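# With the sequence up front, the predicted model follows.
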Amino acid sequence: MGVPIEKIEWMYETMYKIRYYEESMVNIYAEGKSPVFNIGAGTVPGEMHLAAGQEPAAVGICAHLKREDTVTAPHRPHHNAIAKGVDLNLMTAEIFGRKTGLGRGKGGHMHLFDPNVKFSCGGIVAAGLPHAVGAALAAQMKGEDWVAVAFIGEGAANAGAFHESLNLAAVWKLPLIVVVEDNAYGISVPKSASTAVASNVERAAAYGIAGYSVKDNDPITMYEISERAVQLARRGEGPTLIEIETFRYLGHFQGDPELYRNKQEVPSLQKRDPLLRVEALLKKQGIQEIEIKHMQERAIAQVDAAYQFARESDYPNATQAFEDVFVVGM
């Protein structure tokens, strides 16, 4: 295995931070939403899509990225944002709808924008792909070795924007990497009922680009394949498609009754939990238990501080409702 130990340590600590962030949000999101669930009530109003179990997709490739590289993400974005280095305090304040947030509390959890690390996300399926293509084109035209990474779900690979974006990126040999996070479901529809091919990697050949498959939510394989893809992009050798078989431990959204899933599915997936696998790898590489504990404590402290920052931040004033937005006149 050729992964430097410092990269494995970074991946583990970042994965732990993501997992703790998402699992903490489960309880925070539920505040004020009982006895009758009301999506608009509580500490965090609106929909909430969490990514516990999908951490390898984010850390495996973000371990190779720099600040100048662009990342776009879908409606389930927290793991991608944290791995890219989005300011955790400002991100959490945005999710809470507070004026100290990335978008001054006006975007919420599906609309996180941090230009400092060139990260964005959106709630429209496959909408981040054209944006990533634009960022890749800009890098090419500037003569920079920057890359653009577009994270999408496997359902988004059936959208027109996916095919249009891959075709254009292939024609112009853009430094684009598309990461398809295959968590087996598009909302409640299984992949087998919505997608004509067994793996979206098969679609890479249609555009004459490199395609790779990562099985079993493996962080190390994701790291190694991503390294290859990033190197190709930085050398000007065109786009790559990576599909990773990942795990979604929680519902499509918080409040999802998950009637479409076998109740044994998630416990079965958790037996192959990627966080535990990386922890075991660290120990095998000679990292002591106390060092791993310190990584966990650092991650917990950062997440707890971010949630506290958000809780203590003020809501925007009503008079600011039309600031920082586009208003189209008649």
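Arrived safely.

# Return the residues in contact with the closest residue to residue 113 other than its chain neighbours.
Nearest non-adjacent residue to residue 113, counting by C-beta to C-beta, 6 or more residues apart in numbering: residue 120, 4.9 Å away. Where C-beta positions appear, they are placed from N, C-alpha and C, glycine not excepted. Contact partners of residue 120, counting by C-beta atoms under 8 Å, 6 or more residues apart in numbering, are 71-73, 112-114, 128, 131.

# host element of residue 61?
Taking DSSP states H and E as the definition, residue 61 sits inside helix 55-62.

# List the contacts of residue 307.
24, 28, 92.

# tell me the angle the host helix or strand of the first one makes with helix 55-62.
Assigned by DSSP H and E, residue 24 belongs to helix 5-30. Going by axes from the mean of the first three to the mean of the last three C-alpha atoms, to 10 degrees, helix 5-30 is angled at 130 degrees with respect to helix 55-62.

# by contact count, what packs against helix 5-30?
helix 55-62, helix 78-84, helix 219-234, helix 274-284, helix 289-312 (3 or more C-beta pairs under 8 Å, 6 or more residues apart in numbering; DSSP states H and E).

# and with 6 Å instead?
Contacts defined by 3 or more C-beta pairs under 6 Å, 6 or more residues apart in numbering; DSSP states H and E place helix 5-30 against helix 55-62, helix 78-84, helix 274-284, helix 289-312.

# Could you report the neighbour count for residue 302?
16 (other C-beta atoms under 10 Å).

# ok, so of the contacts of residue 120, who is nearest residue 272?
residue 73 (24.2 Å; C-beta to C-beta).

# Quick one: residues contacting the closest one.
Residue 73 sits next to 80, 121, 151 when contact means C-beta atoms under 6 Å, 6 or more residues apart in numbering.

# cool, and residue 101?
By C-beta under 6 Å, 6+ apart, residue 101 lies in contact with 90, 93-94.

# which residue sits closest to the residue nearest the centre of the chain in space, ignoring its chain neighbours?
Geometric centre of the chain, nearest residue: residue 80, 2.8 Å, by C-alpha atoms, centre = their mean. Among residues not flanking residue 80 along the chain, residue 73 sits closest, at 4.0 Å (C-beta to C-beta, 6+ apart).

# Bridged to that neighbour, which residues?
Beta-bridge partners for residue 73, by DSSP bridges, are residue 121.

# picking up where we left off before, buried ones in the helix holding residue 24?
Residues 7-22, 24-25, 28-30 are the ones in helix 5-30 that count as buried (16 or more other C-beta atoms under 10 Å).

# Tell me how far that helix lies from the chain's centre.
Put simply, helix 5-30 sits 12 Å off its chain's centre (C-alpha atoms, centre = their mean, to the nearest Å).

# With stretch 100-112 instead?
Relative to its chain's centre, stretch 100-112 lies at 16 Å (C-alpha atoms, centre = their mean).

# Stretch 58-74 too?
In this view, stretch 58-74 has its centroid 9 Å away from the chain centroid, taken as C-alpha atoms, centre = their mean.

# just stretch 71-85 next, same as before
3 Å.

# Same question for stretch 200-211.
22 Å.

# Show which residues not belonging to that stretch make contact with it.
Identification of contacts with stretch 200-211 by C-beta under 6 Å, 6+ apart yields 157, 166-167, 170, 180, 213, 238-241, 243.

# Ok, stretch 32-44 next?
Stretch 32-44 is touched from outside by 28-29, 31, 96, 255, with contacts defined as C-beta under 6 Å, 6+ apart.
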